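Q: Dropping a prediction and its sequence here:
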Amino acid sequence: MINFELLRRNESSRRAFLATMAAAGLGMAASRLFAIPGNGSKPPVTEADTRVARPSDFTGIPGRNINEQVLNFALTLEILEADIYRQALNYASGLPLRRSLSSNPRAYARNVEAGKGLTSRAANVGFVYLRDFTYVEAAHRDFLIAAIQAGGGTPVTANPAGYKFPALPKARMSDILAAILPLEETGVRAYLGAVRSLVDPGLVQTAGTIYSTEARHSGVLQYILGRDPGPARLGGDRSVVPKPPAENTFEYYQEPQQVITAARAYFN
């Protein structure tokens, strides 16, 4: 049994304990154990500290354990994103929305006008990113399917009725990019909100690599559309940092059930 009082009093023992915890990836959590109330060392309580993630956060998401539930939660979102991006790319290329994704990215070319606020050059750049991001989202989807299967689990599948791309008044590049932006913002918040539920450090790192890619997508879309890349607080957002110096200093997250509700808006 660990004697925490002894560790608090003995600096060398405390240092050795923290080094061991850091090696296990638990350095921050361990350091909080030694915060003594009243001496100014206690870290501020954040929204993330006030509750712990539970399997019930992923109600309706299958999985034999919390790790598998989180992976299927992420896969649910990546299947949706991959399909909406596929439809957006077809839309911007003047192709039927239901057309399957070509194995050749060069099969696509912009076939819509630039739209409000976009120069022809900006529209072309936006199209290239749209095309590239479509294949990235498909790769995220396929990776998660393989990861779940490799662990002996059963991946979730696409909504049988498919997904609906937001209705647009006119086929313009600016409107197409603006239509997929909310889904990217949801993806960013989804990963940040769900990652604390993972108990496998390797999966945490993997989730971080996908999360950061989603954030890059969002920032690029915002920039092309002439908007602040953010992060900007949206309705329902939560913050890990209690009092950030500015709104765009730290990213925001949402609870899994909030994300699931937002995703269902795209279901047929």
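A: Arrived safely.
Q: what's the helix ranked longest in the chain packed up against?
A: Looking across the chain with DSSP state H, the single longest helix is helix 120-150. If contacts are counted by 3 or more CB pairs under 8 Å, 6 or more residues apart in numbering; DSSP states H and E, helix 120-150 sits against helix 66-92, helix 173-194, helix 201-224. For every residue, glycine as well, the C-beta is placed using N, CA and C.
Q: Could you list the buried residues of it?
A: Along helix 120-150, these residues count as buried under the neighbour rule (16 or more other CB atoms under 10 Å): 122-123, 125-127, 129-131, 133-138, 140-141, 143-145, 147-148.
Q: How is this structure divided into domains?
A: 1-43, 55-264 (automatic domain parsing).
Q: give me every residue that touches L177.
A: If a contact means CB atoms under 8 Å, 6 or more residues apart in numbering, then L177 has 126, 130, 221, 224-225 as its contacts.
Q: And the longest helix of the chain, how far out from the chain middle?
A: Averaged C-alpha coordinates place helix 120-150 at 14 Å from its chain's average position (CA atoms, centre = their mean, to the nearest Å).
Q: Quick one: mean pLDDT over that helix.
A: Helix 120-150 shows a mean pLDDT of 97 in the predicted model.
Q: Of the contacts of L177, which is the nearest to V240?
A: Each of these was scored against V240 by CB to CB, and L221 proved nearest at 23.5 Å.
Q: In space, what's closest to the closest one - neighbours in sequence excluded?
A: Nearest non-adjacent residue to L221, counting by CB to CB, 6 or more residues apart in numbering: L181, 4.9 Å away.
Q: Let's see the pLDDT reported for the one you found.
A: Reading off the confidence values, L181 has pLDDT 96.
Q: likewise P242?
A: According to the per-residue confidence, P242 scores 77 in pLDDT.
Q: Based on its surroundings, how many neighbours for it?
A: Other residues lying near P242 total 11 when counted by other CB atoms under 10 Å.
Q: OK, contacts around the residue nearest to L221?
A: When the contact criterion is CB under 8 Å, 6+ apart, the partners of L181 are 218, 221-222, 225.
Q: pLDDT below threshold where in the stretch 101-250 of the chain?
A: Within the stretch 101-250 of the chain, not a single segment meets pLDDT under 70.
Q: one more time with 80
A: For the stretch 101-250 of the chain, residues meeting the criterion pLDDT under 80 lie at 242-243.
Q: re earlier: farthest pair in the contacts of L177?
A: Greatest spatial distance in these: L130 and L225, 12.0 Å, computed using CB to CB.
Q: Show residues contacting stretch 86-96.
A: The contact list for stretch 86-96 (CB under 8 Å, 6+ apart) reads 97-101, 108-112, 127, 130-131, 134, 138, 163, 165, 168, 171, 173, 176, 179-180.
Q: Ok, stretch 100-108 next?
A: For stretch 100-108, contacts defined as CB under 8 Å, 6+ apart pick out 86, 89, 92-93, 95, 127, 131-132, 134-135, 138.
Q: for those residues, which one is nearest N72?
A: Checking the contacts of stretch 100-108 one by one against N72 (CB to CB), the nearest turns out to be A138, at 17.6 Å.
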